[in-house]
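Enquirer: give the three-dimensional model of this entry:
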Amino acid sequence: PSWTSTVGTMTRFERAAPTSAWIRLESPIPLVVGRTGIAWGVGFDDVSTEGPHKHEGDGKAPAGIFPLDTAFGFAPRDSMRSVLLPYAQLLPTTDCVDDTTSAHYNTVVDRAAVSLVEWNSAEHMRQVPQYEIGVIVGYNASPPVKGRGSCIFLHIWTGPDSHTAGCTAFDEAKLREVMLWLDPHKRPLLVQLTADEYRKLRASWRLPPT
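Expert: Next comes the predicted model:
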């Protein structure tokens, strides 16, 4: 609803081709975002004069359009064959690096597999229950801009009144459904905006009607 809202809704759409009409797959479902709301992400700073701009540690989920390209979870790959996205099993040594001075900033890395652990801050992902399943949001990724935010995921929420550190979270059953639906050949995207910005950008960005 606004830049500082911590709750919102998600609706899934798909289309057969870039020129085809959008097809709504479901009614809106509830979700939660960062503890301080959302803010324009890297690549979208010049879209609007309204709204804050995301930076590391601000507690905001990124606003904009981002690819959904990798799934992850606690389970081994063999038990997740129905997931079409590339899948990464989280190990006890899996870190998402949020240290802005690190060469591995905003990457998910196995600290047991690198020659030098040169970061001082990271999420130890296997220790986070809400990461039992999830999807990496391709935010600030190629290459990462230091200080503009890291470790952005779709993950399990702790309830409709909860919030995140900057991710987007919702019900576990729905997240499992979404993970099975995401197909890399169809170029899945997360569009995350305030209601006002969505209305302003819908035509120029060729977004589905709400």
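
Enquirer: just want the phi and psi numbers for D196.
Expert: Backbone torsions of D196, given as degrees, to the nearest 10, read phi -60, psi -50.

Enquirer: in contact with the closest residue to it other than its chain neighbours, which residues?
Expert: Distances taken as C-beta to C-beta, 6 or more residues apart in numbering place E50 nearest to D196, at 7.4 Å, with adjacent residues excluded. (Glycine included, C-beta is placed from N, CA and C.) Shown in contact with E50 (C-beta atoms under 8 Å, 6 or more residues apart in numbering): W3, D196, E197.

Enquirer: most neighbours among those residues, which one is it?
Expert: For the contacts of E50, neighbours were counted using other C-beta atoms under 10 Å, and E197 has the most, 21 neighbours in all.

Enquirer: just the element for L68, please.
Expert: Using DSSP states H and E, L68 sits in strand 61-73.

Enquirer: just the CA coordinates of that strand, formatted as PDB?
Expert: Only the C-alpha atoms of strand 61-73 are listed here, as PDB (Å, rounded to 0.1, in the frame of the first residue of the first chain):
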ATOM      1  CA  ALA A  61      12.700  -4.900   0.300                       C
ATOM      2  CA  PRO A  62      13.700  -3.700  -3.100                       C
ATOM      3  CA  ALA A  63      11.200  -2.100  -5.500                       C
ATOM      4  CA  GLY A  64      11.500  -2.800  -9.200                       C
ATOM      5  CA  ILE A  65      11.600  -5.800 -11.500                       C
ATOM      6  CA  PHE A  66      13.900  -8.700 -10.700                       C
ATOM      7  CA  PRO A  67      14.500 -12.200 -12.000                       C
ATOM      8  CA  LEU A  68      13.800 -15.400 -10.000                       C
ATOM      9  CA  ASP A  69      16.500 -17.700 -11.100                       C
ATOM     10  CA  THR A  70      17.600 -20.100  -8.300                       C
ATOM     11  CA  ALA A  71      15.700 -22.100  -5.700                       C
ATOM     12  CA  PHE A  72      17.200 -23.300  -2.400                       C
ATOM     13  CA  GLY A  73      16.300 -25.400   0.600                       C
END
